[in-house]
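Asker: sharing a model prediction with you, sequence too.
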Amino acid sequence: VSKSGHSFLYFVGGQMNAIAEISSSSLQQQVDALAEAMDDLNPMLKKMRLLASNAVSAAARAGSEGDAFRVLTQGIQELGLEIKHEIDHCKELLQTLADTESGVEKKRVLFQIKTTLEELPAAVAKGDYLAIYCSVEAAHAETHATRFNSVAQMLKSLISDLRGEISKQKTLIDNMLEQA
C-alpha cells in the first residue's frame, strides 16, 4: 500500500472509530433516558403501596361490610409487587446492556427489555379491573362507601399515570431497537 493509501486507510479507520463512539454514546444516552423513565415509576409504586395500606385500613374499619373490599386490597398489593418486579428486571437488563460490548448481544438484550416492558400493560389492565371492582364494592357499601370509592378513584388515577409512563418507556425502547 502506498503512503497515500495508508493515510487514507488510517483516516477511514479513525472515522469508523468516531462513528462507533458516537453510536455508543447515543445508546448510553438512550439507556440513561430509559432508566430515568423507569425510575419515574417508583413514586407511583410507592403511592400504590400507600393506597393498598389505606384500603386495608378502610376495609378493617368496615368490619364484615369490608370483607370483599379486603380481598381487592390484596389484589392492589400484588399488582404493585408485580409491576415492581418487572421494572427491577428491566433495570437489571439495562445494566447488562451497559456492560455488553457485542452489537448482537446488545440487540438481544434490547429485545429482552422490550419483551419485559410488553408485559406491563397486562399488569396495568389488572389495575383497571381492580378499580372497577372497588367502585362496585363502594356502590354496595353503606356507611363506608365514601372511603371505598376514594380508593377506587385514586387507583384509577394511578393506573392512568402508570399507563402514560409505560407508553413513554415503550417509545424509548422502540427507538433504541431501530437504531441498534
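Answerer: Yes, it's here. Computed from a predicted model, the values in this text were never measured in an experiment. Numbering: from 1, shown residues only.
Asker: when you work out contacts or count neighbours from here on, use the C-alpha atoms and nothing else.
Answerer: Fine.
Asker: what is the subsequent helix or strand relative to the host helix or strand of Ala33?
Answerer: Element membership for Ala33, per DSSP states H and E: helix 3-39. Using DSSP H and E, the helix or strand that follows helix 3-39 towards the C-terminus is helix 41-62.
Asker: what does that following helix contact?
Answerer: 65-67, 69-70, 73-74, 76-77, 80, 83-84, 143-144, 147-148, 151, 154-155, 158, 161-162, 165 (CA atoms under 8 Å, 6 or more residues apart in numbering).
Asker: if we go to 6 Å?
Answerer: Residues from elsewhere that reach helix 41-62, judged by CA atoms under 6 Å, 6 or more residues apart in numbering: 66, 69-70, 73, 76-77, 80.
Asker: what residues sit buried inside that helix?
Answerer: Residues 41, 44-45, 47-49, 51-56, 58-59, 62 are the ones in helix 41-62 that count as buried (16 or more other CA atoms under 10 Å).
Asker: where does this structure have low pLDDT?
Answerer: For the chain, applying pLDDT under 70 flags the ranges 1-24.
Asker: one step back: from the contacts of helix 41-62, which single one is nearest Gln29?
Answerer: Using CA to CA, Gly80 comes nearest to Gln29 of those, at 28.2 Å.
Asker: give the contact list for the closest one.
Answerer: Leu45.
Asker: out of the contacts of helix 41-62, who has the most neighbours?
Answerer: Of all the contacts of helix 41-62, Phe69 has the most neighbours under the rule other CA atoms under 10 Å, reaching 26 neighbours.
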